[in-house]
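Participant: model this:
(2 chains)
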Protein chains: 2
Amino acid sequence: MRLTNFTDYTLRTLIYLGVNRSNSRLATISDIATAYGISENHLMKIVHHLAKQGYVETTRGKGGGMRLALPPEQINIGAVVRKSEEDQTVVECFEEGNLNCTILPACTLHAVLEQALRAFFEVLDRHTLADLIVHQSTLARLFRNAGAPL
Amino acid sequence: MRLTNFTDYTLRTLIYLGVNRSNSRLATISDIATAYGISENHLMKIVHHLAKQGYVETTRGKGGGMRLALPPEQINIGAVVRKSEEDQTVVECFEEGNLNCTILPACTLHAVLEQALRAFFEVLDRHTLADLIVHQSTLARLFRNAGAPL
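Facilitator: Prediction:
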């Protein structure tokens, strides 16, 4: 039962940006890469995705960077994960148009897994980014310790 | 949100064996591979795993093969999936001993994901293999159509 690294890094990026809101300096990809010790390349795709989804605003040029486009209370974790896992399916037969499995017409496993997934997302739906940054000052300290300008 | 193919095929193998209970002939790896159009190689690992977990009994030699070691009502889907996903973690920081993430000491995402996973498994825990083979005669027909000796 695995979320993609894309989703993992998407959530971590949002957490960084949530903590960075109290900073006058906009965050950069390099800041986030330093904060978590992960690759800038990976993060570029993630920031692009988050901007496309309307969670992040980016500004180009000197002093440019990014910030959250919404207050953390309005960023629902269930919605974020659903969007970043969009191409991901729990098992093969959840892929759109995939009719490969012999037992598809009589399979009840699909419904059971669907119900289980719904329960998973219902928990995430009850949380926003605000819940993930309740320990904001500790998070800021940890990011600073890792070398991020926060 | 993905289960491994290993888990997918594990569940499918159990479904086949559940349906094959009314057959006097023991099932073979080749039967199951034919039934689903999947590789025998893959299935060998799965049957070995299922036998180790006590779900499947195998008999060697002529007329040999395998059958369920327990009635379908006693094979809990939550337990099966937990066991086959044992080496799988929802995100990196769920790996045992993995302390790589900067924010670990102040992270609340871990607890949220843990709660969501629990909800996922609670649904699976309410189901047994018996629920997956309620349409037993249709399943048997679909397997036969695919060329399995059922």
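Participant: can you give me the helices for chain A?
Facilitator: Along chain A, counting by DSSP state H, helices occupy A:5-19, A:29-36, A:40-52, A:77-84, A:109-125, A:129-132, A:136-145.
Participant: among those, which is the most enclosed?
Facilitator: Of all the helices of chain A, helix A:5-19 has the most neighbours on average by mean count of other C-beta atoms under 10 Å in any protein chain shown, namely a mean of 23. C-betas here are computed from N, CA, C, even on glycine.
Participant: what angle do that one and helix A:40-52 make?
Facilitator: Between helix A:5-19 and helix A:40-52, the angle formed by their directions is 70 degrees, by axes from the mean of the first three to the mean of the last three C-alpha atoms, to 10 degrees.
Participant: Neighbours of A:R21, how many?
Facilitator: Counted by other C-beta atoms under 10 Å in any protein chain shown, the residues lying close to A:R21 total 13.
Participant: Quick check, it in contact with A:M66.
Facilitator: No. In this structure, A:R21 is not within contact of A:M66 by C-beta atoms under 8 Å, at 11.4 Å.
Participant: coming back round to it: could you export the helices of chain A as TSV, including distance to chain B and mean pLDDT?
Facilitator: As requested, those are arranged in TSV below (distance: least, C-beta to the nearest C-beta, whole Å; pLDDT from 0 to 100):
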stretch	distance to chain B	mean pLDDT
helix A:5-19	4	97
helix A:29-36	5	97
helix A:40-52	13	96
helix A:77-84	7	97
helix A:109-125	4	96
helix A:129-132	5	98
helix A:136-145	4	97
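Participant: how about TSV for those helices, with distance to B:V90 added?
Facilitator: Putting those into TSV (distance: least, C-beta to C-beta, whole Å) gives the following:
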stretch	distance to B:V90
helix A:5-19	9
helix A:29-36	18
helix A:40-52	18
helix A:77-84	11
helix A:109-125	9
helix A:129-132	15
helix A:136-145	21
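Participant: Can you say which of those helices is nearest to B:A33?
Facilitator: The closest approach between B:A33 and any of the helices of chain A, judged by C-beta to C-beta, belongs to helix A:109-125 at 18.7 Å.
Participant: still on that earlier bit, B:E86: which of the helices of chain A is closest?
Facilitator: helix A:109-125 (17.4 Å).
Participant: which other helices and strands contact the closest one?
Facilitator: helix A:77-84, helix B:109-125, helix B:129-132 (3 or more C-beta pairs under 8 Å, 6 or more residues apart in numbering or on different chains; DSSP states H and E).
Participant: Just put those in a markdown table and tack on distance to B:R25.
Facilitator: Listed next are the helices and strands packed on helix A:109-125 as a markdown table, based on distance: least, C-beta to C-beta, whole Å:
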| stretch | distance to B:R25 |
| --- | --- |
| helix A:77-84 | 45 |
| helix B:109-125 | 30 |
| helix B:129-132 | 20 |
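Participant: Nearest approach to A:M1 belongs to which of those helices?
Facilitator: Between A:M1 and the helices and strands packed on helix A:109-125, the shortest gap by C-beta to C-beta is with helix B:109-125, which sits at 6.4 Å.
Participant: Cool, thanks, signing off.
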